[in-house]
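> Provide a 3D model corresponding to the input given below.
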Amino acid sequence: MVLMIGDTEVPVTWEDNASVEELKTLAGDGLMISMSMYGGFEQVGSIGQSIARDDEQITTSSGDIVLYSGDQIVIFYGSNTWAYTKLGKIDLSEEEMTSLLSNGDVTITLIYQ
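Okay, the predicted model is just below:
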């Protein structure tokens, strides 16, 4: 599955779980998600419906992609501790993640080919 942040394709290592499988189905030809900055360390956006979740208490780090409340994607450029379902990890430095995500709301696109 490909993840675009704005016009930038980012390298992602996806988890092997039911949530990612359902996300792939939704992504099909392209799923655009409007993200909003939150807390100075993350971007959050609704995927429009609930998918499978297996939340566990984790401490995230920059680049982590998680599912929150079964229907929202969160991408971190900082850290937080909460109950999430892990979806994947963007393989970029904290500086690169901050540059991509800390300057206002973004749109992400998921494409499953």
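> Report the secondary structure state of the residue nearest to Thr8 when sequence neighbours are not counted.
Computed as CB to CB, 6 or more residues apart in numbering, the closest residue to Thr8 that is not its neighbour in sequence is Leu100, at 6.5 Å. Any C-beta I mention is one placed from the backbone N, CA and C, and that applies to glycine too. Three-state call for Leu100 (DSSP: H, G, I helix; E, B strand; the rest coil): helix.
> Surely Leu100 touches Asp7?
No - the pair Leu100 / Asp7 is not scored as a contact, 10.7 Å apart, by CB atoms under 8 Å.
> excluding its backbone neighbours, what's nearest Gln57?
Using CB to CB, 6+ apart, the closest residue to Gln57 is Ala83 (5.3 Å).
> For Leu100 and Asp7, indicate the residue with more neighbours.
Ranked by neighbour count (other CB atoms under 10 Å), Leu100 and Asp7 place Leu100 first, with 18 against 7.
> after the longest helix anywhere in the chain, next one along is what?
Criterion DSSP state H: the longest helix present in the chain is helix 18-27. Using DSSP states H and E, the next helix or strand after helix 18-27 towards the C-terminus is strand 31-34.
> after that following strand comes which helix or strand?
Counting by DSSP H and E, what follows strand 31-34 is strand 36-38.
> partners of that following strand, with directions?
Using DSSP bridges, strand 36-38 pairs in its sheet with strand 42-46 (antiparallel).
> The strand it pairs with: which residues count as buried?
Using 16 or more other CB atoms under 10 Å as the test for burial, strand 42-46 gives Glu42, Gln43, Val44, Gly45.
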